[in-house]
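**Student:** model this:
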Amino acid sequence: MTALYIDADACPVKAEAERVATRHKVAMFVVSNGGLRPSQNPLVETVIVADGPDVADMWIAERCGPGDVVVTGDIPLAARCVEAGARVLKHNGEALTQANIGNVLATRDLMTDLRAADPFRQGGGKGFTKADRSRFLEALERELRAAARV
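**Tutor:** Have a look, this model is predicted:
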């Protein structure tokens, strides 16, 4: 049975994911260490984990597997979920797969090193756009359909 796992801390597409999950009648787990308003939707379970580094990530990684979809911007978590056989999407709709997760991890590590080497480096990533939201909705629809066939 397909499940949708949302790494909810700083996730800009929780409401969109809930709409798609409801349409597909898929159980959705919104996982964080607190501060979220629980949904009244019976298909959505809000999971509050203990405070601590990567506790929500561990909860998701220990439960996801083939036929599941995970939404996260956390690349190490994404790698663990891909390894477990889950389908993984970033918030902008980019799919993380066996074919690209190694390069994505390497790029993340390189950027972490560059930021550490230059403490005066300013700015962050790109802002989240309407186009990102639209790509996410299309990608989630596609991944839930594919997961249901597993």
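
**Student:** And what about the residue lying closest to Pro38 once chain neighbours are set aside, helix, strand or coil?
**Tutor:** Take Pro38 and drop its neighbours on the chain: the residue closest to it by CB to CB, 6 or more residues apart in numbering is Thr46, 4.2 Å away. In this view, the C-beta of every residue, glycine as well, is placed from N, C-alpha and C. Assigned with DSSP: H, G, I helix; E, B strand; the rest coil, Thr46 falls in the strand class.

**Student:** okay, now Met150: neighbour count?
**Tutor:** Small correction: residue 150 is Val, not Met. Around Val150 there are 11 other residues, counting by other CB atoms under 10 Å.

**Student:** ok, now Ala116?
**Tutor:** Neighbours of Ala116 under the rule other CB under 10 Å: 9.

**Student:** Return the per-residue confidence for it.
**Tutor:** Ala116 carries a pLDDT value of 71.

**Student:** mind listing what the residue lying closest to His24 once chain neighbours are set aside touches?
**Tutor:** Leaving out its chain neighbours, the residue that sits closest to His24 by CB to CB, 6+ apart is Leu144, at 4.9 Å. Listed by CB atoms under 8 Å, 6 or more residues apart in numbering, the contact set of Leu144 reads 2, 4, 20-21, 24, 26, 69.
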